[in-house]
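> Here is the input, now give the coordinates:
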Amino acid sequence: MARYLPLARPWFGLVAAVALLGVAVQLVATAFFPLPGAFFSGRVAQVLNVFCFFTILSNLLVAVVFALLAAEPDRDDRTIRVLLLDAVLAIAVTGIVYNLVLAQTANPVGLHQVANVLCHMLTPLLAVVGWLLFGPRGLVDRKVVLLSAIYPIAWLAFTLVRGAVIDWYPYPFVDVVAHGYGRVLVNCLVVAVLFLGLGFGALALDRRLPGLHAG
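Alright, predicted model coming up:
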């Protein structure tokens, strides 16, 4: 473990800082430079709505988990096992879905573009590369993979219920008004399969890659 520690701790700290910076820039951009046609009126409402986006929640999760790892790289408990896998998978899905699907219709400008690069590109890249290089290893098992699915499922349920109440959805692929429940549920299933597929892929890699070993 010692030979990885000098690089692992600053890398984990860098990931946490970049993730937090991306969220902060997005909040500032939303508060002071709202995009035309914003659904919510008023700065406070728009800023609070930012926290309903999977991207923002996942970046915050990455910031917290990687900050904990920077402070204590060898910590090992069930909570950190699930949160770390959740953070890595969620930010990977964020990068994949945005760059392959959502980027085609997105048109961020100014600070929104800076936040976009940080949250959808740089943080996913740094977090996934950091996990591949350093781990920590030995934290992923089948139960952890299954428990990690609670986070995206809970977000999807919250988003669909909230959307039905306020008639607004944060992403086109969960927009029931535009696509209907049938199409949206299929889209959600695809995301769930992607999440679990990456989770079991992480399980296989965790057993083979070098890096820090928790505990």
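> the strands in this structure, which residues?
In the chain, no strands are defined using DSSP state E.
> Which parts of it are helices?
Using DSSP state H, the helices of the chain run over residues 5-32, 43-50, 54-71, 78-100, 111-117, 123-134, 142-148, 150-166, 176-206.
> So which elements touch the fourth one?
What that stands for is helix 78-100. Applying 3 or more CB pairs under 8 Å, 6 or more residues apart in numbering; DSSP states H and E, one finds that helix 78-100 contacts helix 54-71, helix 123-134, helix 142-148, helix 150-166, helix 176-206. All C-beta atoms are positioned from the backbone trio N, CA, C, and that covers glycine.
> Of all those, which one is nearest residue 108?
Of all the helices and strands packed on helix 78-100, it is helix 54-71 that lies closest to residue 108, at 11.8 Å by CB to CB.
> Low-confidence bits of the protein, can you list those?
Scanning the chain for pLDDT under 70 picks out 1-5, 36-41, 211-215.
> Recalculate using a threshold of 50.
1-2 (pLDDT under 50).
> Quick check, residue 91 in contact with residue 56.
No - if you go by CB atoms under 8 Å, residue 91 and residue 56 don't touch, sitting 11.3 Å apart.
> When the two are compared, which one has more neighbours?
When residue 91 is set against residue 56 and neighbours are counted by other CB atoms under 10 Å, the residue ahead is residue 91, at 28 against 22.
> Which residues are in contact with the more buried one?
For residue 91, the contact set (CB atoms under 8 Å, 6 or more residues apart in numbering) comprises 19, 58-59, 61-62, 123-124, 127-128.
> That one and residue 72, how far apart?
20 Å (CB to CB, to the nearest Å).
> do residue 84 as well
With CB to CB as the criterion, residue 84 and residue 72 are 12 Å apart.
> which one of these two has more residues nearby?
Higher neighbour count among residue 84 and residue 72: residue 84, with 26 against 12, using other CB under 10 Å.
> burial of the nearest residue to residue 121 once chain neighbours are set aside, as a residue count?
Spatial nearest neighbour of residue 121, chain neighbours left out: residue 95 (6.6 Å); criterion: CB to CB, 6 or more residues apart in numbering. Using other CB under 10 Å, residue 95 has 21 neighbouring residues.
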